[in-house]
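1. I'll drop the sequence and a predicted model, then ask my questions.
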Amino acid sequence: MKSRTTENASIDKTEKGYILKIPSGDSSAYRFAQIDDYFGLKRKDFPHHSLTLSLRARTSAFPLSGTWGFGLWNDPFGMSLGFGGNKFRLPTLPNAAWFFGASKENHLSFQNDKPANGFIAQSFRSPKFHPLLIPAGFVFPFSKEQTRKLMGKIIEEDSKTIDIDTTEWHSYKLEWNQNQSLVAWYIDDIQIFESQVNPNPPLGLVIWIDNQFASFTPDGKLSFGVLAGDEAWLEIADLELN
């Protein structure tokens, strides 16, 4: 596990876990704090083909300006567009299963009938390669709206809004096994969601908080950037990986 932060952000050890904190600031700078187990690795060398993740967590407020969460993904974006992704990693299509918090400026779904922000249980499954990844074809010759519709056909997706107070301590568990057909999410020992959208391995563990947003709306409007916000933190405890 490695820790990464931007200037003035911090990750501090607590008695039972960690507190990830980003400072207050305007919309001129990216701020993030992240713990992961894949930094510096090629995607093919990411460590997990199955994992049960358990922890307790709480946030300083809800909603927070930006995104936060914990779970598994393939770090699909480059140039920091993707919540602390490696700067020089080439983009790919997403594979992920996680608990995901996103402020209203975000629209992180390729389906019109799925939640795109808030606090959600979410999974993505994508092929490792598709012609959309060819730079000349990623946007052109399609319009942005056509591109989004096409990506919605290529990327399998499932999600559910979670209606809890994230500022209170809750226990969270994510069960992902590539040899089984379902991914399962639990809160306070109660299964709140399961999905047959089982992401392709290998994946890396990520726990993060940042002030970033990304949005690709049904009408084809694509936007991303950073948000102004107050000091914010995500605290975790009793982290277990099995």
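-> Great, that's in hand. It should be emphasised that the depicted structure is a prediction, and the values quoted were computed from it without experimental measurement.
2. Run through the helices of the chain in chain order.
-> For the chain, the helices defined by DSSP state H occupy 135-138, 144-154.
3. Adding mean pLDDT, mean neighbour count and distance to residue 30, write those out as TSV.
-> Where you see a C-beta, it was placed from the backbone N, CA and C, and this is true even at glycine. Shown next, in TSV, are the helices of the chain (pLDDT from 0 to 100; neighbours: other C-beta atoms under 10 Å; distance: least, C-beta to C-beta, whole Å):
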stretch	mean pLDDT	mean neighbour count	distance to residue 30
helix 135-138	45	11	23
helix 144-154	85	16	24
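4. possible to save the ones you listed as JSON lines with distance to residue 220?
-> Formatted as JSON lines, these follow (distance: least, C-beta to C-beta, whole Å):
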{"stretch": "helix 135-138", "distance to residue 220": "14"}
{"stretch": "helix 144-154", "distance to residue 220": "3"}
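5. Pull the residues that contact stretch 9-21.
-> 3, 5, 22-23, 31-35, 55-56, 207-209, 231-239 (C-beta atoms under 8 Å, 6 or more residues apart in numbering).
6. Narrow those residues to those that are buried.
-> 3, 5, 22-23, 31-35, 55-56, 207-209, 232-237, 239 (16 or more other C-beta atoms under 10 Å).
7. low pLDDT regions in this protein?
-> The chain contains residues with pLDDT under 70 at 78-90, 129-142.
8. Kindly recompute the last result at 90.
-> Applying pLDDT under 90 to the chain flags residues 76-92, 128-152, 178-181, 219-222.
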